[in-house]
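Engineer: Provided below are the primary sequence and the corresponding predicted coordinates.
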Amino acid sequence: MWFRTTESDLSYVDSAPQRIANVVTIEATPERVFDLFATGERQNEWFQDFVACRWTSLPPHGVGTTREIQLKTLTVKERFLAWDRGRRLTFSIDGITLPIVKQMLEDLRFEPLDGGRRTRLVWHVFYTPALVMMPVHGAARAVFSSMFRRSAEGIQRFAERNP
C-alpha cells in the first residue's frame, strides 16, 4: 500500500525541519560516484537493506525521471529534481509504503578533491516526520541515520574496489 508524501522542490533543503548529514571522502572521481547513485549499479552491495531498483521513466534519465527503490522494510517512489553529473543528484520521495515521513528529499553533492581524482560526498536527507512517528521519532531517526551512514561508508568501499 502506498502513502503519498508532499512532493518536494529544491527549496525544501532550506525549510525542512529535520536533516541527516553524512560526509565521506572517496578514492574515485566525482563522475564515478555520481554514476553509482544515478544508475543504482550493484546497489545491493553498498546500500544497506537494498532489494531492488525499478525505473518508472524511460531513458535518458535526468531531471523529472522517476524510479522505485525497494528496501527490506519499505519502498519509496523517487523523482529527480537535480541531475548534474559529477556535481549534484537530488530527488524527492513522492510516495512510501510505510507512513513514517510527511515529506522527504535527498540531496547528494559530489565535490572534487585532488584535481578530481577523489570525491568528498556530502549526502543530506531532509524530512518532515509523519505525525504517527512523533512519539518514536528519536528511535526511528537513530535507525535511519545509521542506515544512511553505513550506506555512505558502503559506497565509499565499493567505489574504491570498483573504480
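Structural biologist: Looks like it came in fine.
Engineer: Count the neighbours of Arg157 for me.
Structural biologist: The criterion is other Cβ atoms under 10 Å. On that basis, Arg157 has 14 neighbouring residues. C-beta here means a position set from N, CA and C on the backbone, and glycine is covered the same way.
Engineer: ditto for the one 3 residues further on
Structural biologist: Counted with other Cβ under 10 Å, the burial measure for Glu160 works out to 12 neighbours.
Engineer: quick one, phi psi at it?
Structural biologist: Backbone geometry at Glu160, expressed as degrees, to the nearest 10, gives phi -70, psi -30.
Engineer: Look up the closest residue to it, ignoring the ones flanking it.
Structural biologist: Closest residue in space to Glu160, ignoring its immediate chain neighbours: Glu27 at 4.7 Å, by Cβ to Cβ, 6 or more residues apart in numbering.
Engineer: For the chain, give me the ranges with low pLDDT.
Structural biologist: Along the chain, no part satisfies pLDDT under 70.
Engineer: Can you name the residues bridging to the spatially most central residue of the chain?
Structural biologist: Among the residues of the chain, the smallest C-alpha distance to the mean C-alpha position (Cα atoms, centre = their mean) belongs to Glu106, namely 4.7 Å. Beta-bridge pairing for Glu106 (DSSP bridges): Phe91, Val125.
Engineer: how close does the residue of the chain most remote from its centre get to Val33?
Structural biologist: Most distant from the centre of the chain: Gly115, at 25.5 Å, with distances by Cα atoms, centre = their mean. Distance, Gly115 to Val33, by Cβ to Cβ, to the nearest Å: 15 Å.
Engineer: can you count the residues close to Phe80?
Structural biologist: As a measure of burial, Phe80 has 18 neighbours, counting by other Cβ under 10 Å.
Engineer: Who does it form a beta bridge with?
Structural biologist: Listed beta-bridge partners, Phe80: Phe91 (assigned using DSSP bridges).
Engineer: so what does the helix or strand in which Ala139 is found touch, helix or strand wise?
Structural biologist: Secondary structure assignment for Ala139, by DSSP states H and E: helix 137-161. Using 3 or more Cβ pairs under 8 Å, 6 or more residues apart in numbering; DSSP states H and E, the elements in contact with helix 137-161 are strand 18-26, helix 30-39, strand 118-129.
Engineer: so which of those comes closest to Ile155?
Structural biologist: Using Cβ to Cβ as the criterion, the shortest distance between Ile155 and these is 6.0 Å, found for helix 30-39.
Engineer: could you give the angle of that closest one to helix 137-161?
Structural biologist: Compare the direction of helix 30-39 with that of helix 137-161 by axes from the mean of the first three to the mean of the last three Cα atoms, to 10 degrees and you get 120 degrees.
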